[in-house]
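> what follows is a predicted structure for the sequence shown.
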Amino acid sequence: MLTISQLAAYAGVTVRAVRHYHRIGLLPEPERDRSGYRTYDAVAVVRLIRIRTLADAGVPLARVQELLAAGPEEFAGGVQEIDKALRAEIRRLQNTRSRLARLAAGEHLALPQSVVDYLDRLRGLGVEERYIEMERDAWIMIAAQVPHSIDSVIAKKHEELDDPDMVKLYSLLSGALDWPADDPRIVEVADIMERLMIRAVEAGEVGADDGIDDQFVDLLDSTMVESSPHAARLLAILEERGWRGWTRIERVPVGRLNTELPPS
């Protein structure tokens, strides 16, 4: 007969594990002998080894008892079910690892890959990191509002970056963070923005349902105004010309359409 320490040693587990298996009913706990000790026989060793083998293979302890009592066909079926669950868990963990690896890059937090690629393209154009950080925060909010259409929105933004005016606009806005309050280049920014807005209106891109409610548009606009000392002045210039709206064009000065503006 064996003591609990000897049983554990023969089966390759700890005494603590043996006691845990007693508590959850996997391993019967023998009565104490006349000396007050619990002793174990070969049957207990074999059962404990089987328990350890199943547990080491990834079988949940809640199912070990079922498999120990199963016949050959039931055992095979049970193992297949557990293997299927384990494979699903492996896929989940692999996806989690992939997300963690992306998060290590910083911008993948709350941003889909399409937006990250767009921001990287802006970096390639020489846009300053400070401006990219502001744009990133705006895209985080937009992506949360329209998750199912964000990729198509970004695809449109990529098309817009093929326009030299848009590239010039980003170049100016990026550097504008260090401009003095009365910098005359703000007028140049307004001219470029107006040209881009005119093209958007004439292409029928203004007034379409963008899936964003008015309150959220106001939030984006106010965030933009607060982020730059020149934003309020820029909006004022555009409003003097009859335009209104930043995130969404709300008023179009018909008289400005098809009007040639000063070249950049």
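Structure's in. What do you need?
> contacting residues for Ile82?
With contact taken as Cβ atoms under 8 Å, 6 or more residues apart in numbering, Ile82 is in contact with Gly58, Val59, Pro60, Arg63. (C-beta placed from N, C-alpha, C; glycine too.)
> what do you get if the cut-off is 7 Å, keeping everything else the same?
By Cβ atoms under 7 Å, 6 or more residues apart in numbering, the contact list for Ile82 reads Val59, Arg63.
> relative to Glu66, how far out is it?
Going from Ile82 to Glu66 by Cβ to Cβ, to the nearest Å gives 10 Å.
> cool, and Leu100?
From Leu100 over to Glu66 the distance is 34 Å, taken as Cβ to Cβ.
> swap in Leu122?
57 Å.
> between those two, which one's more packed in?
For Leu122 versus Glu66, neighbours defined as other Cβ atoms under 10 Å are more numerous around Leu122 (20 against 13).
> what ranges does the stretch 1-150 of the chain have for its helices?
Here the stretch 1-150 of the chain has its helices, by DSSP state H, counting those that start in this stretch, at 4-11, 15-23, 42-56, 61-68, 72-103, 113-124, 129-145, 150-160.
> to Val225, which of the ones you listed lies closest?
Among these, helix 129-145 comes nearest to Val225, with 11.8 Å by Cβ to Cβ.
> buried ones in that closest one?
Neighbour-count burial for helix 129-145 flags Tyr131, Ile132, Met134, Glu135, Arg136, Trp139, Ile142, Ala143 (criterion: 16 or more other Cβ atoms under 10 Å).
> list the contacts for the spatially most central residue of the chain?
With distances taken as Cα atoms, centre = their mean, the residue of the chain nearest its centroid is Ala110 (4.2 Å). Neighbouring residues of Ala110 by Cβ under 7 Å, 6+ apart: Ile140, Ala144.
> how near is it to Ala143?
From Ala110 across to Ala143, the span is 7 Å (Cβ to Cβ).
> for Lys157, same thing?
12 Å.
> now Thr3
For Thr3 relative to Ala143 (Cβ to Cβ), the value is 63 Å.
> can you list the domain ranges for this protein.
Domain ranges of the chain: 4-67, 70-105, 110-251, per the TED database.
> those domains: lowest mean pLDDT?
Mean pLDDT per stretch puts domain 70-105 lowest among the domains of the chain, at a mean of 82.
> thought Leu111 was touching Met141?
No: at 10.6 Å, Leu111 does not count as touching Met141 under the criterion of Cβ atoms under 7 Å.
> skipping its backbone neighbours, what lies nearest Ala11 in space?
Leaving out its chain neighbours, the residue that sits closest to Ala11 by Cβ to Cβ, 6 or more residues apart in numbering is Leu48, at 4.0 Å.
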